[in-house]
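Undergrad: Generate coordinates for the sequence data below:
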Amino acid sequence: MGAPVSAPPAPRGEVVRRLTRSARTAPGRLEIIASALVVLSVLTGIVASLAWQSKLDTISGLADHREPLSAAAQQIYRSLSDADATAASAFLSGGSEPAQLRDRYQVDVAQAGAALAKAASDVTDDSGAAQVAVLNKQLPVYTGLVETARSNNRLGLPIGAAYLREASTLMRGKLLKAAQELYAIDTDRLTAEQDSATNFPWLTVALTVVLLAALVATQMYLTRRTNRLLNVGLLVASIAVGLGLVWGVVAGWVSATAVDNARDDGTRQVDTLVQARIIALQARADETLTLVAHGDGAGYEPDFKALTPKLTDLLRKAQSDQAVANTTAWLDIHKNIRVLDDSGQYDQAVKLAIGTDDKGAAAAFGKLDDTLSASIQRGREKFVESTSTARNALFGIVPGVALLALLTAGGILTGIRQRLREYR
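TA: Model (predicted):
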């Protein structure tokens, strides 16, 4: 005996006719309504769970991945600028460079290399890859020029100053430009992910509102048909949907507000302070390179004068009164350095520029750099704190909305089944 032949699927027209006939009876209409509500509740639960999981992943990525990479790019930028300024200060010290300056230069180069390796791990486009390639290629050239300058300086050969100026030109013309572009790329990516993290889940809310409205309409329909005020199953479903809606709106608002705070008090503040710190380091390099050039550095002092107003503006934008005061003190000492140098008192000018005296430019600039470093660290801490608040605001929402969706579907089936039994 052969296997039974299954009946062919009903044509589409037949399905429509069956639904039409079913819709003409009260039980049939209830079955259609129940099916539609269950499908809508499951769809809403899936969409909501995916949306909230995506937002959670984005926020987690901000703190765990994107911000550290942006910090690495900033570290490259800062370390290279500091290396340039430190190399010039060490050169001015003569043949026997202070160990402190020598060590600081080596640490700067090592930190730049380590941060470059970290930043390179996230390069995903041609622009970022090009900047990494420039940095990898030109950094050894720069350090080679600095070492040549030092070797000649130890021998008392004046050509050492020319090598140092060539190294500084390479730093500013290629290395710092590439580092700045890489930092801008990472900062833009961080900003884009922050924008994504603050986007309101309109589709999820819209589906939830539609589902809630459909449940209310169904209960009103059943009240008219049965003269019964409440349907426990549908009431439970409505409460579950309402709870999910309120939870999502409140948690989403708290999370978005925290991300905005991380951007305003963290990302933007840090970016402003980083720019100020880089400009300060470049100005410090100009200050010392003017003395290194020893009469052949006419271009460095105009650069210094062009940079300092930008520095002051950035510090005021960051509302860093202490840094502004540090800058003012440093600039006052710089004026004295120029007076000494221009009046032929070169040795005194060098001593005031790089000496360890608390009243010298090195100490004044060190206070400014320490203030900026501490402010940048505080900004990063605020970013992490606010981003953690944003992540915590969404704690449990993914499994929560999934469970509420299942509870809604169960309430719908229970409530409609009660009415169907009455017809039987």
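
Undergrad: What is whichever strand or helix holds Thr169 packed up against?
TA: According to DSSP states H and E, Thr169 maps onto helix 159-170. Here helix 159-170 touches helix 67-92, helix 126-154, helix 268-293, going by 3 or more Cβ pairs under 8 Å, 6 or more residues apart in numbering; DSSP states H and E. All C-beta atoms are positioned from the backbone trio N, CA, C, and that covers glycine.

Undergrad: Just the buried residues of it, please?
TA: Buried residues in helix 159-170, counted by 16 or more other Cβ atoms under 10 Å: Gly160, Ala161, Ala162, Tyr163, Leu164, Arg165, Glu166, Ala167, Ser168, Leu170.

Undergrad: mean confidence score for that helix?
TA: Averaged over helix 159-170, pLDDT sits at 92.

Undergrad: List the buried residues of the helix or strand just after it.
TA: Using DSSP H and E, the helix or strand that follows helix 159-170 in sequence is helix 176-198. In terms of neighbour count (16+ other Cβ under 10 Å), helix 176-198 has its buried residues at 176, 178-183, 185-187, 189-191, 193-194, 197-198.

Undergrad: which secondary structure elements does helix 176-198 contact?
TA: Helix 176-198 is packed against helix 26-61, helix 67-92, helix 126-154, helix 232-261, helix 268-293, with contacts defined by 3+ Cβ pairs under 8 Å, 6+ apart.

Undergrad: Now it - C-alpha only, PDB.
TA: Extracted C-alpha coordinates of helix 176-198, given in PDB (Å, rounded to 0.1, in the frame of the first residue of the first chain):
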ATOM      1  CA  LEU A 176      52.600  66.100  13.100                       C
ATOM      2  CA  LYS A 177      50.300  66.700  10.100                       C
ATOM      3  CA  ALA A 178      49.800  62.900   9.800                       C
ATOM      4  CA  ALA A 179      49.300  62.500  13.500                       C
ATOM      5  CA  GLN A 180      46.800  65.400  13.500                       C
ATOM      6  CA  GLU A 181      44.900  63.800  10.600                       C
ATOM      7  CA  LEU A 182      44.800  60.400  12.300                       C
ATOM      8  CA  TYR A 183      43.600  62.000  15.500                       C
ATOM      9  CA  ALA A 184      40.800  63.800  13.500                       C
ATOM     10  CA  ILE A 185      39.800  60.500  11.900                       C
ATOM     11  CA  ASP A 186      39.500  58.700  15.200                       C
ATOM     12  CA  THR A 187      37.700  61.700  16.800                       C
ATOM     13  CA  ASP A 188      35.200  61.700  13.900                       C
ATOM     14  CA  ARG A 189      34.500  58.000  14.400                       C
ATOM     15  CA  LEU A 190      34.000  58.500  18.100                       C
ATOM     16  CA  THR A 191      31.600  61.400  17.400                       C
ATOM     17  CA  ALA A 192      29.700  59.300  14.900                       C
ATOM     18  CA  GLU A 193      29.200  56.400  17.400                       C
ATOM     19  CA  GLN A 194      28.100  58.900  20.000                       C
ATOM     20  CA  ASP A 195      25.500  60.200  17.600                       C
ATOM     21  CA  SER A 196      24.300  56.600  17.000                       C
ATOM     22  CA  ALA A 197      24.100  56.000  20.700                       C
ATOM     23  CA  THR A 198      21.800  59.000  21.200                       C
END
